[in-house]
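>>> model the structure of this input:
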Amino acid sequence: MSAPDLRNISFHGIGTPNGPEREPDEHRYWVTKSAFLRVLDLCAEHPNIRISFDDGNASDAEIALPALKERGLTADFFPIADRLGTPDNLSPEALQALSAAGMTIGTHGAAHRPWTKALATDQHLELQDARTRIAEATGQPVDTAACPFGAYDRKVLQALRTAGYRTVFTSDARPAHPGNWLQPRYSVEADDTPDSVRARMLAPRSTKERAVDRAVLMAKAWR
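Coordinates of the predicted model:
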């Protein structure tokens, strides 16, 4: 019998963002604390859910960490290296606290730019230097990555493989398979509720939908 589908669910900011958007549609992915806690309770009920957090907002440590610990959950965190230690973002000490609590710390790149464009000129900065800075902050090796804006193509994936990343996360909004190198995720948005997450991210997939999922992911990986 095959293993059940894995549902990767990612969060970004929690609470109320300070200041204007740093990139278009950023606030679309900020959820209130109460909504986050309700969705997290739902996640705790499903052992096939893997939780992650992108961007390295301060709310990862201030709100998400105690909520995860209270529920006995772990998660993957993908900070942006250039934002470490800046206002409203994770500090090196906060990253260390996440790591000490059993959370996995990966990389979301150096400057939060789509790797489909940035790697043409700044591959070492985005895939190597950013990873080194995050690893130095945590004192732990970094071998997982989340593609900024979910953007990737064949060249990006080849660069990530060459750089030795163990697992790469995207934003393809489809089920994943445990152990696969490439892991699609669903993103929680500002207006999501436990009911919408259950319907949009956790509903069983038909045979036809599974075939479409495989075809779409293969096409994206080879374009």
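>>> have a look at this protein and report its longest helix.
Ranked by residue count under DSSP state H, the longest helix found in the chain is helix 207-222.
>>> okay, buried residues for that helix please.
Buried residues in helix 207-222, counted by 16 or more other C-beta atoms under 10 Å: Asp213, Leu217, Lys220. Where you see a C-beta, it was placed from the backbone N, CA and C, and this is true even at glycine.
>>> relative to the lengthiest strand in the chain, what are the paired strands and their orientations?
Ranked by number of residues, the top strand in the chain under DSSP state E is strand 49-55. Take DSSP bridges as the rule and strand 49-55 pairs in its sheet with strand 7-11 (parallel), strand 76-79 (parallel).
>>> quick check: mean pLDDT of the last one?
Think strand 76-79. Mean pLDDT, computed over strand 76-79, is 98.
>>> for stretch 128-143, same thing?
Across stretch 128-143, the average pLDDT comes to 97.
>>> quick one: buried residues of that stretch?
Asp129, Ala130, Arg131, Arg133, Ile134, Ala135, Ala137, Thr138, Val142.
>>> one more: stretch 181-189?
By 16+ other C-beta under 10 Å, the buried positions in stretch 181-189 come out as Leu182, Gln183, Pro184, Arg185, Tyr186, Ser187, Val188, Glu189.
>>> mind checking which of the residues you listed land in strands?
Leu182, Gln183, Arg185, Tyr186, Ser187.
>>> burial count for the closest residue to the last one other than its chain neighbours?
Sequence neighbours aside, Ser10 is the residue nearest to Ser187 in space, at 5.2 Å (criterion: C-beta to C-beta, 6 or more residues apart in numbering). The burial metric for Ser10, expressed as a neighbour count using other C-beta atoms under 10 Å, is 23.
>>> show me what Ser10 is bridged to.
Under the criterion used (DSSP bridges), Ser10 bridges to Ser52, Ser187.
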